[in-house]
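Student: Structure for the following, please:
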Amino acid sequence: MDGLELIFTMLGEASTTRIATAKNAQGFPENKKASREGGTIAGNARRALEKKSGQKVSTPQNYLKTPQNRSLS
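Tutor: Numbers count the residues shown, from 1 in each chain. Next comes the predicted model:
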């Protein structure tokens, strides 16, 4: 992920948290609705930036071609 992808991910997470807290979301259905609303906020912001800049935020260059080795130690 590059910086912008991280920013939009963080925006979605922070928006979801704020909405869930403001609505006192309890249980899965209410939190699912809050997460959709938070994701919509981040998605709209991403699309607006892409439209103004003429560039996609997420591109094939942002992905690893092969998984990095992970140490389980």
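Student: what about the most centrally placed residue in the chain, helix or strand, and which?
Tutor: Taking C-alpha atoms, centre = their mean, the centroid of the chain lies closest to Thr9, which sits 2.7 Å from it. Secondary structure from DSSP states H and E places Thr9 in helix 3-22.
Student: Toward the C-terminus, what is the element adjacent to that helix?
Tutor: Once the chain leaves helix 3-22, the next helix or strand it forms, by DSSP H and E, is helix 27-53.
Student: got any ranges where the chain has weak pLDDT?
Tutor: 62, 64, 67-73 (pLDDT under 70).
Student: okay but Asn31 is in contact with Ala25, surely?
Tutor: Yes - at 4.8 Å, Asn31 counts as touching Ala25 under the criterion of C-beta atoms under 8 Å. From N, CA and C alone the C-beta is placed, and that goes for glycine too.
Student: quick one: which of these two has more around it?
Tutor: Higher neighbour count among Asn31 and Ala25: Ala25, with 18 against 15, using other C-beta atoms under 10 Å.
Student: dump the residue contacts of the more buried one.
Tutor: The neighbourhood of Ala25, defined by C-beta atoms under 8 Å, 6 or more residues apart in numbering, consists of 19, 31, 33-34.
Student: ok, and for the helix holding Thr9, which residues are buried?
Tutor: 4, 7-8, 11-12, 15-16, 19-20 (16 or more other C-beta atoms under 10 Å).
Student: could you give the angle of it to helix 27-53?
Tutor: Put simply, helix 3-22 runs at 140 degrees to helix 27-53, going by axes from the mean of the first three to the mean of the last three C-alpha atoms, to 10 degrees.
Student: any idea how far the closest residue to Glu37 other than its chain neighbours lies from Gln26?
Tutor: Leaving aside its chain neighbours, Glu37 sits nearest to Ile19 (5.2 Å; criterion: C-beta to C-beta, 6 or more residues apart in numbering). Taking C-beta to C-beta, to the nearest Å as the measure, Ile19 falls 13 Å from Gln26.
Student: Over to Ser58?
Tutor: From Ser58 across to Gln26, the span is 33 Å (C-beta to C-beta).
Student: Leu6 too?
Tutor: Per C-beta to C-beta, Leu6 is found 30 Å from Gln26.
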